[in-house]
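*Asks:* What follows is a predicted structure for the sequence shown.
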Amino acid sequence: MTPSEVTGAWAIIPTPAKDNASDWRATNTVDLDETARVVNGLVEAGINGILSMGTLGEAATMTHGEKLDFIKALVDAAAGRVPIFVGTTCLNTRDTVTLTRQALELGADGTMLGVPMWCAPSLEVAVQFYKDVAEAVPEMNIAIYANPEAFKFEFSRSFWGQVADIPQVVTAKYIGVGNLLADLATIRGRIKLLPIDFDYYAAARMDDSIDAFWSSGAVCCPLVTTTLRDVVLNARSTGNWKEALAFQALLGPTAAPLFPNGSFKDFSTYNIALEKARMNAGGWMKAGPVRPPYHLCPEPFLEGARKSGIMWADLGRALEAEK
């Protein structure tokens, strides 16, 4: 793929879990039937691509066999209709290369690749990691998973300037807009940066190259995500941003209950449990329980996440009624 081919709304999906998945003794915890249903539903709803097996995708808590089963289910369900990127980050380069090769053999289009999570990586370590994986699996597209809180890494302009020279790096799951223009100036079109749905309007107004975004809310109701894509696309073609601004104003409040105490750090501590609670409450998919050890979360935090999912789903029902 090339960066210009990464466009539109990209759904972040969890790894659907069977009812016993919070028990550490459980095996084969992936709900493969729900996986297939969700992928097909997203494709039919008009989602442009799928990213999976990141943080809320529980890549850190699935067994190797579960990962391979899930990747195969994703690829088989998509059947080439949209690109499928799967997380292959492991604790070291060799295991990451092995899983990336296996994902490629199973038909995945790319990897959503974060840096290994143990020591906080230096700039040199992070850049070399991406270079090594790209060299080892040159056929695999790479989406950099740029989450500073999760990976304890800054993702600085110097980092972006160096990884932009790696041809396999075509896109990045990006957070925030504070450094967006500086990072865009550094990569010079060589990587397509994907902001989160809540930042998409602002990012699109900042730079015309921002024509794609990621959305975990897509599995609460994909119509909300595709509507955001379409109103921004229409605004860009007409020059009239009023509708897009009005829709972003409706979407924004659904984020507030998801972040405990308004804190991204607190959210990151309980990311998996909060996102899965949000998705289950949205009612569009059954994300299922959380795999250990991250299944423990304060109930008030979970209640806020459920409220966020319900608000997103309510917005989707309102959009459906307007059709």
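*Replies:* Thanks, I have it. Residues are numbered from 1 along each chain as shown.

*Asks:* those strands in the stretch 201-323 of the chain, which residues are they?
*Replies:* 212-215 (DSSP state E, counting those that start in this stretch).

*Asks:* Show me the helices in it, by range?
*Replies:* 222-238, 242-251, 264-269, 271-282, 299-322 (DSSP state H, counting those that start in this stretch).

*Asks:* wait, which of those helices is closest to F70?
*Replies:* helix 271-282 (15.1 Å; C-beta to C-beta). Using the backbone N, CA and C atoms, a C-beta is placed for each residue, glycine as well.

*Asks:* quick one: the closest one to chain centroid distance?
*Replies:* 14 Å (C-alpha atoms, centre = their mean, to the nearest Å).

*Asks:* Over to stretch 288-295?
*Replies:* For stretch 288-295, the distance to the chain centre is 18 Å (C-alpha atoms, centre = their mean).

*Asks:* how long is that stretch from one end to the other?
*Replies:* Start-to-end span of stretch 288-295 (C-alpha to C-alpha, to the nearest Å) is 11 Å.

*Asks:* That one: which residues count as buried?
*Replies:* For stretch 288-295, a neighbour-count test (16 or more other C-beta atoms under 10 Å) marks G288, P289, V290, R291, Y294, H295 as buried.

*Asks:* Does I71 touch A103 like I think?
*Replies:* Yes. Contact criterion C-beta atoms under 8 Å: I71 and A103 qualify, at 5.4 Å.

*Asks:* Which residues are in contact with each of the two?
*Replies:* Common contacts of I71 and A103, defined by C-beta atoms under 8 Å, 6 or more residues apart in numbering, comprise V86.

*Asks:* so G176 sits in a strand?
*Replies:* No. Remark: G176 does not belong to a strand; assigned using DSSP: H, G, I helix; E, B strand; the rest coil, it is coil.

*Asks:* do you know how far it is from L123?
*Replies:* Applying C-beta to C-beta, to the nearest Å, the value for G176 to L123 is 19 Å.

*Asks:* end-to-end on stretch 88-96?
*Replies:* 6 Å.

*Asks:* what is the rounded mean pLDDT of stretch 247-267?
*Replies:* Here stretch 247-267 scores 94 as its mean pLDDT.

*Asks:* what comes into contact with stretch 83-103?
*Replies:* Contacts for stretch 83-103 (C-beta under 8 Å, 6+ apart): 1, 6, 49-54, 57, 59, 64, 67-68, 70-71, 74-75, 78, 107-118, 129, 132-133, 136-137, 140-141, 143, 145.

*Asks:* now swap in stretch 57-76 and tell me
*Replies:* With C-beta under 8 Å, 6+ apart, stretch 57-76 has contacts from 12-15, 17, 27-30, 32, 35-36, 39, 50, 52-53, 84, 86-89, 99, 102-103, 106-108, 117, 272, 290-294.

*Asks:* Among these, which are located in helices?
*Replies:* Within the contacts of stretch 57-76, residues falling in helices by DSSP state H are L32, T35, A36, V39, L99, Q102, A103, L106, I272.

*Asks:* The second one touches P14, doesn't it?
*Replies:* No. The pair T35 and P14 fails to qualify as a contact (C-beta under 8 Å) at a distance of 9.8 Å.

*Asks:* Could you measure from the residue lying closest to K242 once chain neighbours are set aside over to A244?
*Replies:* Nearest residue to K242 in three dimensions, chain neighbours excluded: A235, at 8.0 Å (C-beta to C-beta, 6 or more residues apart in numbering). For A235, the distance to A244 (C-beta to C-beta) stands at 4 Å.

*Asks:* Tell me which of those two has more neighbours.
*Replies:* A direct count of neighbours by other C-beta atoms under 10 Å for A235 and A244 places A244 higher, at 22 against 19.

*Asks:* just to revisit the earlier point, from the contacts of stretch 57-76, keep the buried residues only.
*Replies:* 12-15, 17, 29-30, 32, 35-36, 39, 50, 52-53, 84, 86-89, 99, 102-103, 106, 108, 117, 272, 290-291, 294.

*Asks:* tell me which element the closest residue in space to D165 that isn't next to it in sequence is part of?
*Replies:* Once flanking residues are discounted, D165 sits nearest to R190: 7.6 Å by C-beta to C-beta, 6+ apart. R190 belongs to no helix or strand when assigned by DSSP states H and E.

*Asks:* now swap in M112 and tell me
*Replies:* Assigned by DSSP H and E, M112 falls in strand 110-113.

*Asks:* tell me the helices in the stretch 51-200 of the chain, going along the chain?
*Replies:* Under DSSP H, counting those that start in this stretch, the stretch 51-200 of the chain gives helices at 64-78, 93-106, 123-136, 148-151, 157-163, 180-187, 197-206.

*Asks:* Mind listing what's buried along the second one?
*Replies:* Residues of helix 93-106 classed as buried: T96, V97, T98, L99, T100, R101, Q102, A103, L104, L106 (neighbour count, 16+ other C-beta under 10 Å).

*Asks:* Hmm, I175 and Y145 touching each other?
*Replies:* No. Y145 lies out of contact with I175 (C-beta under 8 Å); the separation is 9.8 Å.

*Asks:* Fine by me, we can end here.
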